[in-house]
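coords please:
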Amino acid sequence: MLSRSRTVFYAASRAAALCCFAIVCVSCGRGQTASATGHGTARTQARLEFRTEATYSAEAVMARVNASVGVGAVVGEDGSLRDVRVVRAAGFGLDEKAVEVAKSWRFVPATSGGRRVSMPVSLVIPFYLPDPDVPTASLLFDLPSGASRPLLESGTTLSLDLPRQALHITFEVGPAGNVTAVTDAPASVNAKICEWRFKPAVLDGVPISAHARLSLYRTY
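Numbers count the residues shown, from 1 in each chain. From the prediction side, this is the model:
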């Protein structure tokens, strides 16, 4: 019978003088088992051997958000990760931090019949700040190919009077980095988000508008 295993690792990291905790889940790809198959070929799963600690991005620290990033990769026969990619984004610069830390990890490679083999893995890397008032959030942009994303320069979720239900808000970040056209937000939240400022998206050296999707969940 095929089995699916998950190993959970705990790491503490520090960014911008604030402590954050990353819980990293490593899920082995389908078809990889730790026991003998029906044909008598023993297989073992890859396991984490060395890791460096994940750190918060400056944007996420300023915005005061918790988030998790899903990363897909392949553990090679030498135990290094290749084809590292974000499969579930969070924004706020945390996607880049998750990929960066994953690339530095080393694994004991999977084996099949006593020989090292490559194996796909899924990594879930949450980021949490030690503050009970910090909401879970994601901030994603719809951008044309080749455009850089807007970078948050000022604004925090702690100024938002969030309801108990999740909010899924959309807005536009203009070429000057200002926020307009906020929708699906209570009036008090709308006004505060309009005060946020971004370094605008850029395409071919020219600042452009970008459509943003902000999700917020109260965790307190």
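
can you list the weak-confidence ranges in the protein?
1-41, 220 (pLDDT under 70).

quick one: secondary structure of the residue nearest the centre of it?
Centroid-nearest residue in the chain, with CA atoms, centre = their mean: Val69, separated by 2.2 Å. Three-state assignment for Val69 (DSSP: H, G, I helix; E, B strand; the rest coil): strand.

Next up, the contacts around the residue nearest to it when sequence neighbours are not counted.
Take Val69 and drop its neighbours on the chain: the residue closest to it by CB to CB, 6 or more residues apart in numbering is Ala98, 3.8 Å away. (C-beta placed from N, C-alpha, C; glycine too.) Ala98 makes contact with Ala54, Val69, Val71, Val86, Leu123, Ile125, according to CB atoms under 8 Å, 6 or more residues apart in numbering.

Next one: the last one from Ala166, what distance?
Look at Ile125 and Ala166: by CB to CB, to the nearest Å, they are 21 Å apart.

just the third one next, same as before
When CB to CB is applied, the distance between Val71 and Ala166 equals 23 Å.

Which one of Ile125 and Ala166 is surrounded by more residues?
The neighbour comparison of Ile125 against Ala166 (other CB atoms under 10 Å) goes to Ile125, with 23 against 12.

The host helix or strand of the more buried one packs against which elements?
Taking DSSP states H and E as the criterion, Ile125 maps to strand 119-127. If you count contacts as 3 or more CB pairs under 8 Å, 6 or more residues apart in numbering; DSSP states H and E, strand 119-127 packs onto strand 18-28, strand 67-75, helix 94-103.

and it with helix 94-103, angle?
In terms of direction (axes from the mean of the first three to the mean of the last three CA atoms, to 10 degrees), strand 119-127 departs from helix 94-103 by 130 degrees.

neighbouring strands for strand 119-127, and are they parallel or not?
strand 18-28 (antiparallel), strand 67-75 (antiparallel) (DSSP bridges).
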